[in-house]
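1. A predicted structure for the sequence below; I have some questions about it.
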Amino acid sequence: MKRFVFHLAVAVLMATPVFAQQQRGDTELQFQGSLSVSTKSGDNNVGSAAVNWGRFFTDQQEAGVTALTFFNGSGDFSGFGGPFWRLNMGRGKTVPYIGTSVAATFGEFSSNDPIINLEGGVRWFLSRSAAFTLGGLYTYDTKEKDFNDSLQVLFGFSYLWGR
């Protein structure tokens, strides 16, 4: 967890605003992929695909819904979905963000218990309506009352439209 916070802080400090991008009233559709790198010996690494739909209710705050599906080499299928909230800490070409979500799990290696995700990263706007995102997602299991032993490394593209 300390390494995640450190890397998030470095990404935030390196980001420099240039031009305004997202605005209140904009809608975002984001497609992401991820690679879960296990910190526990003997665990498998897992890939995922996700889709997020969100709406900016201020120039810097976004709320929406997310659905993420995990898969591994054994053909196991699992995932989670639920509402998210993000705070974009800037309005330039490079925008760091932090966020959280609460989700219900499903599938073959699901706990069937709610989870809480902490998210942070950087979004690079390629144009007013397109952005590339690189971030991390750390999951808290409410049943185990502990953070999972893996960090999801997220990468994806967003399309924004609005006003």
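-> All right, it came through fine.

2. can you give me the strands in this protein?
-> Shown for the chain, the strands assigned by DSSP state E span residues 27-38, 46-56, 61-71, 77-88, 94-107, 115-125, 130-141, 146-161.

3. Thought residue 100 was touching residue 119, still the case?
-> Yes: counting by Cβ atoms under 8 Å, residue 100 is a contact partner of residue 119 at 6.7 Å. Yep, even glycine has a C-beta here, placed from its N, CA and C like the rest.

4. returning to that earlier point: got the strands of the chain as a markdown table, with mean pLDDT, mean neighbour count and distance to residue 21 columns?
-> Shown next, in a markdown table, are these (pLDDT from 0 to 100; neighbours: other Cβ atoms under 10 Å; distance: least, Cβ to Cβ, whole Å):
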| stretch | mean pLDDT | mean neighbour count | distance to residue 21 |
| --- | --- | --- | --- |
| strand 27-38 | 86 | 17 | 11 |
| strand 46-56 | 92 | 18 | 10 |
| strand 61-71 | 92 | 18 | 12 |
| strand 77-88 | 92 | 18 | 9 |
| strand 94-107 | 93 | 18 | 7 |
| strand 115-125 | 94 | 20 | 5 |
| strand 130-141 | 91 | 18 | 7 |
| strand 146-161 | 86 | 16 | 8 |
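
5. Now for residue 100: which residues touch it?
-> 84-85, 116-119 (Cβ atoms under 8 Å, 6 or more residues apart in numbering).

6. Could you export those residues as CSV, including distance to residue 144?
-> Below are the contacts of residue 100 laid out as CSV (distance: Cβ to Cβ, whole Å):
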residue, distance to residue 144
84, 21
85, 23
116, 12
117, 15
118, 16
119, 20
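
7. ok, of those residues, which one's closest to residue 39?
-> residue 118 (15.6 Å; Cβ to Cβ).

8. what's that closest one in contact with, if anything?
-> Counting by Cβ under 8 Å, 6+ apart, residue 118 has contacts 98-100, 137-140.

9. ok, so of these, who is nearest residue 63?
-> residue 99 (9.5 Å).

10. So that closest one sits against residue 87, correct?
-> Yes: Residue 99 is in contact with residue 87 according to Cβ under 8 Å; the separation is 6.6 Å.

11. From residue 107, how far out is residue 120?
-> Residue 120 sits 25 Å away from residue 107 when distances are taken as Cβ to Cβ, to the nearest Å.

12. got the contact list for stretch 139-147?
-> 1, 111, 113-118, 138, 148, 150, 152.
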